[in-house]
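Asks: fold the following and give me the result.
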Amino acid sequence: QKQFLLGSLDLDFNASYTNAVIKENAPILENGVFVNTVGKQFPRIPHWQVKGIVSWRATTALSLSAGARYSSYQYNTLGNSDPFGGYGGTDAFFVAHLKAPYRFREALTASLGVANVNDDRYHVFHPMPRPQSIRSPKRRQPTLRADSCPRQHKHPTAAPNENARHSIPRSQPLAFSSWG
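Replies: As a prediction, this is how the structure comes out:
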């Protein structure tokens with residue numbers, strides 16, 4: 001019996017909370033002044049990070065995905081003196097992404113998508129991109145079984161290995177991602 005939707009729906013989710021505080025350290029020189037870093041938040045580690053993605057396999061060739069990421073505010077310096085957001089600072093952010101890969105045949109897949117579809121404007125030291133389209137055709141190299149490979153050298157007394165695989169490159173793989 002084939003299930004509609006539930007059998008073709010995938011959900012991945014993770015969340016983490018980190019309270020990374022500097023417990024001991026010698027004072028550091030920051031902007032010409034010695035700064036005590038004890039008790040400060042460790043740089044580039046946000047308290048909260050949440051990520052999730054929902055994928056639906058509409059057909060055997062087409063799947064549709066929606067994903068989202070959240071990161072709470074984080075510092076860039078040991079002394080926690082960097083600005084909140086703007087150039088040199090890091091903002092909290094929530095971004096959502098959409099993607100639709102289509103498999104034409106086993107070795108040829110193309111996908112279209114939009115990153116930051118919700119147009120969240122945030123900085124991670126510098127401004128992060130506004131909504132971006134993603135186009136990525138890919139062609140995989142075929143993989144052949146070892147017993148069907150004409151260039152496979154077998155020892156006459158060796159037992160055949162059913163799990164052995166040998167890849168013969170027929171061309172260079174075509175893969176690129178375009179942002180713009």
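
Asks: what are the contacting residues of the lengthiest strand in the chain?
Replies: In the chain, assigned by DSSP state E, the strand with the most residues is strand 93-105. If you take C-beta atoms under 8 Å, 6 or more residues apart in numbering as the criterion, strand 93-105 is touched by 60-71, 109-118, 120, 122, 124, 128, 134. Yep, even glycine has a C-beta here, placed from its N, CA and C like the rest.

Asks: report the buried residues of it.
Replies: In terms of neighbour count (16 or more other C-beta atoms under 10 Å), strand 93-105 has its buried residues at F93, V95, A96, H97, K99, P101, R103.

Asks: so after it, what's the next helix or strand?
Replies: Using DSSP states H and E, the helix or strand that follows strand 93-105 in sequence is strand 108-115.

Asks: report the rounded mean pLDDT for whichever helix or strand comes after that following strand.
Replies: For strand 108-115, the following helix or strand on the C-terminal side (DSSP H and E) is strand 123-124. For strand 123-124, the mean pLDDT works out to 78.

Asks: same deal with stretch 62-70?
Replies: Over the span of stretch 62-70, the pLDDT mean works out to 96.

Asks: now it: buried residues?
Replies: In stretch 62-70, counting by 16+ other C-beta under 10 Å, buried: S63, S65, G67, A68, R69, Y70.
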